[in-house]
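In: Predicted model, plus sequence, below.
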Protein chains: 2
Amino acid sequence: MNNCLKVLRAERSWSQGDLADRLEVSRQSVNAIETGRYDPSLPLAFRIAELFERPIEAIFVSPTKETL
Amino acid sequence: MNNCLKVLRAERSWSQGDLADRLEVSRQSVNAIETGRYDPSLPLAFRIAELFERPIEAIFVSPTKETL
DNA sequence: TTTCCATGTAAAGCTTCCTTCACTTATTCG
DNA sequence: CGAATAAGTGAAGGAAGCTTTACATGGAAA
């Protein structure tokens, strides 16, 4: 599943470690999500959405809704 | 995590099995999510949101946002 | 160059999600 | 009554998310 975590993070000049601390997950988890190796759990997706003050749908893009 | 799947499903007079078919998961998964035994994965949450034509946040309620 | 920080990734292990099979209970309908 | 459908749950196993430890690479800055 595509996402714009990297962009949102860069806008704030946060490292992956900074973001991981705020989300209370490991730096490797943030990296894996950003590089598309796996999707976050729903609870983690909610924490991410709350942190960036955006709806989940504005951060993660369902594969069935990708632009063609 | 709280959700209103059961209500949305009842509004359409679907059984858990009906909903499971539309989501392409097992009936037990639908039941487990409805009864709060576990949260759906993010991809499944997207399919649910698309099926009911509502944002994820209108169906699932983050524990950090529950009404007190 | 050397040091420092950010990033990417691998391995092993645990937890959570999801499956199938199976059984139980309740309700409805003939 | 008996038959059928819906819902809830348990067990066992596979897949995915997340952890810690560890190492490699690249860029910035001294």
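Out: Sure, I can see it. Please read these numbers as outputs of a predicted model, since none were measured by experiment.
In: My understanding was that residue A:19 contacts residue A:30; is that so?
Out: Yes. The criterion here is CB atoms under 8 Å, and residue A:19 meets it with residue A:30 at 5.2 Å. All C-beta spots, glycine's among them, are computed from the backbone N, C-alpha and C.
In: Quick check: neighbours shared by those two?
Out: When contacts are counted by CB atoms under 8 Å, 6 or more residues apart in numbering or on different chains, residue A:19 and residue A:30 have residue A:5 as shared neighbours.
In: So which bits of chain A are right by DNA strand C?
Out: Chain A comes close to DNA strand C at residues A:15-17, A:27-28, A:31-32, A:34-35, A:37, A:41-43, as judged by CB under 7 Å from any atom of the strand.
In: Please enumerate the strands of chain A.
Out: A:2-3, A:60-61 (DSSP state E).
In: does the first one come close to DNA strand D?
Out: It refers to strand A:2-3. No. Strand A:2-3 is not in contact with DNA strand D by CB under 7 Å from any atom of the strand; minimum separation 11.5 Å.
In: Direction included, what does that strand pair up with?
Out: Using DSSP bridges, strand A:2-3 pairs in its sheet with strand A:60-61 (antiparallel).
In: how about the residues of chain A that lie near chain B?
Out: Residues of chain A found near chain B (CB under 8 Å from any CB of the partner chain) are A:1, A:39-43, A:45-47, A:49-50, A:55-57, A:60, A:62-65.
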